[in-house]
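Undergrad: Build me a structure from this.
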Amino acid sequence: MPPPIRISDIPDDAKPLMAQLMVEDLLPIHVLIGGVENYRRVIHKAAAAGGNANSVVGDEIAHALTQLLDRVNEKTGADNMRLIQAAVRYFVIQDDGSGHDLESREGLYDDAHVVNAVVRYFGRDDLVVRSLPQSSGNTNFPH
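TA: Sure thing, here's the model as predicted:
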């Protein structure tokens with residue numbers, strides 16, 4: 001059984017997948033950065049093709065994750081690295097159980113909430129995705 005997610009701000013709907021992702025083998029940083037950049041391009045292509053993909057939110061998520069990955073070093077530790085990697089992997093999975101990322105303007109909102117919880121955990125409020133609608137304090141999101 002995967003360890004519990006230790007960040008309470010991760011939306012409840014995202015916790016099961018994040019728990020699964022937290023136990024994956026660690027990947028090299030360049031692979032994770034490449035995955036983020038590739039998915040950013042997928043989002044932009046989907047938006048350019050007349051789709052509903054939200055490239056603004058996608059860009060903010062990609063920026064936040066890239067900034068976290070750029071600062072990984074030997075002091076980061078395996079547990080923190082697993083958390084960062086899980087956030088990256090959650091982002092690049094198009095159908096993460098909370099709706100398909102590219103099918104609606106809200107499709108990346110769950111990804112943004114996950115990334116926001118992770119960047120806040122690391123004290124990086126400067127990386128918070130800000131292109132989300134204001135909520136009433138509920139970290140769960142519409143389906």
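Undergrad: Now name the helix or strand holding the residue nearest to Asp13 when sequence neighbours are not counted.
TA: Leaving out its chain neighbours, the residue that sits closest to Asp13 by C-beta to C-beta, 6 or more residues apart in numbering is Ser98, at 5.1 Å. (Glycine included, C-beta is placed from N, CA and C.) Following DSSP states H and E, there is no helix or strand that holds Ser98.
Undergrad: Skip the chain neighbours and tell me the closest residue to Ala53.
TA: Ala46 (3.8 Å).
Undergrad: how far away is that neighbour from Val119?
TA: 24 Å (C-beta to C-beta, to the nearest Å).
Undergrad: tell me which residues in stretch 75-87 are buried?
TA: Thr76, Met81, Arg82, Leu83, Ile84, Gln85, Ala86, Ala87 (16 or more other C-beta atoms under 10 Å).
Undergrad: Helices along this protein, start to end?
TA: 15-21, 29-48, 55-70, 78-92, 109-121 (DSSP state H).
Undergrad: Kindly state which of those is positioned closest to Arg130.
TA: helix 55-70 (6.9 Å; C-beta to C-beta).
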